[in-house]
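> build me a model from this:
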Amino acid sequence: MSKKSLILVIIQFSSFAYFLFSGKFIANNYWFLVQIIGFIISLWGVLAMKLGNFNIQPEIKSTAYFVSKGPYKYIRNPMYTGLIIFFGTAVASNYSAIHLAVFTILVIVLLEKIKLEEKFLSIKFGNIYLEYKEKTFRLIPILY
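Okay, the predicted model is just below:
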């Protein structure tokens with residue numbers, strides 16, 4: 001793992017820990033339903049990727065194989081999409097400036113990890129991945 005990747009992973013999991021230990025990571029009211037959707041999207045991404053192919057760091061495992069089924073048929077980063085929905089609804093439901101700041105940092109880290117991952121995926125899978133990128137959205141269908 002490169003130094004940059006290590007820093008990104010540490011910040012990502014520190015953000016998760018902040019929400020977990022602040023006691024404000026479960027949304028209230030109707031936000032909870034949206035939060036469940038985020039959790040399901042992330043879980044679907046993990047299951048479609050399979051744990052052996054899954055990696056918390058941006059670098060691609062030497063044994064990695066290309067996945068374009070399940071949620072990956074529509075978006076390239078469903079796990080990150082789900083995390084953004086999950087923690088975004090926690091912030092919307094339990095707003096504070098510090099929650100918003102930590103969430104903003106988390107989103108920036110996830111976007112930076114995506115850039116690195118896409119670079120590594122392009123190198124490992126070449127034209128297959130480049131063609132896949134043209135057919136799918138990065139995080140949010142139709143928007144991004």
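> what helices or strands is the host helix or strand of Glu118 leaning on?
For Glu118, the host element (DSSP states H and E) is helix 97-125. Here helix 97-125 touches helix 3-22, helix 78-93, helix 127-135, going by 3 or more Cβ pairs under 8 Å, 6 or more residues apart in numbering; DSSP states H and E. Any C-beta I mention is one placed from the backbone N, CA and C, and that applies to glycine too.
> can you do 6 Å?
helix 3-22, helix 78-93 (3 or more Cβ pairs under 6 Å, 6 or more residues apart in numbering; DSSP states H and E).
> find the residue closest to Tyr65 in space, skipping its chain neighbours.
In this structure, Tyr65 finds its nearest non-sequential neighbour in Asn53, 6.1 Å apart by Cβ to Cβ, 6 or more residues apart in numbering.
> ok, Tyr132 next?
Per Cβ to Cβ, 6+ apart, closest to Tyr132 is Ser68, 5.7 Å.
> most neighbours per residue, which of the helices and strands packed on helix 97-125?
Between the helices and strands packed on helix 97-125, helix 78-93 has the highest mean count of neighbours, a mean of 22, where neighbours are mean count of other Cβ atoms under 10 Å.
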